[in-house]
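Novice: sequence first, predicted coordinates after that:
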Amino acid sequence: MTVNGEALDYRIDPATPLLWALREESNLTGTKYGCDDRRCRACTVIIDGQAVRSCAVTVGQLEGAQVTTIEGLSADGTHPVQKAWMEVDVPQCGYCQAGQMMSASALLATKPQPTDKDIDSAMFGNLCRCGTYLRIRQAIHRAAQLASARPGATGGGAGRARE
């Protein structure tokens, strides 16, 4: 698989969840472990253009896949979603925010100007203990504005679902 543009060949049990391969083998700790129940989406990454819970997919299922983690959006924080999150001051505790941002990025790749309904649908299930849902929606709208002003900016591409 390719992770954040780098070809990787994990030499681990193929039944290992991607979440643990990313965190333990690649030291990509931005992808968070949240609930151990596939419900909170704190561990969301983009796989072949789709927002996917990394706890719900194994490395053995990902041969040839393109994976983007929060670290892969941009190293310098210039991705429209990252910029919008900072401008709107979304995070409180911040724990869920990587998953939120990855879901938002995947949404914007397929719907560059999402409606509130589009956002609510795409973000459904991304839990935030601090309740910053309105700021998250506001930041997604802001990211859409920033992306439209930046030629070539996308949220992560389109692809097939893996969940």
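Specialist: Right, received. Where do you want to start?
Novice: for the protein, give me the ranges with low pLDDT.
Specialist: 151-163 (pLDDT under 70).
Novice: show me the protein divided up by domain.
Specialist: 2-72, 80-148 (automatic domain parsing).
Novice: please tell me how far the residue positioned nearest the centre of the chain sits from Glu71.
Specialist: Nearest to the mean C-alpha position of the chain, counting by CA atoms, centre = their mean, stands Met102 at 1.8 Å. Distance, Met102 to Glu71, using CB to CB, to the nearest Å: 11 Å. Every C-beta, even on glycine, is put in place using the N, C-alpha and C of the backbone.
Novice: so the residue nearest to the centre of the chain sits against Ile47, correct?
Specialist: No. If you go by CB atoms under 8 Å, Met102 and Ile47 don't touch, sitting 10.1 Å apart.
Novice: hey, what's in contact with both of those two?
Specialist: Counting by CB atoms under 8 Å, 6 or more residues apart in numbering, the common neighbours of Met102 and Ile47 are Thr68.
Novice: which residue, neighbours along the chain excluded, lies closest to the residue nearest to the centre of the chain?
Specialist: Thr44 (4.4 Å; CB to CB, 6 or more residues apart in numbering).
Novice: just how off-centre is the helix or strand harbouring Glu71 within its chain?
Specialist: Using DSSP states H and E, the element containing Glu71 is helix 70-73. For helix 70-73, the separation from the chain centroid amounts to 8 Å (computed by CA atoms, centre = their mean, to the nearest Å).
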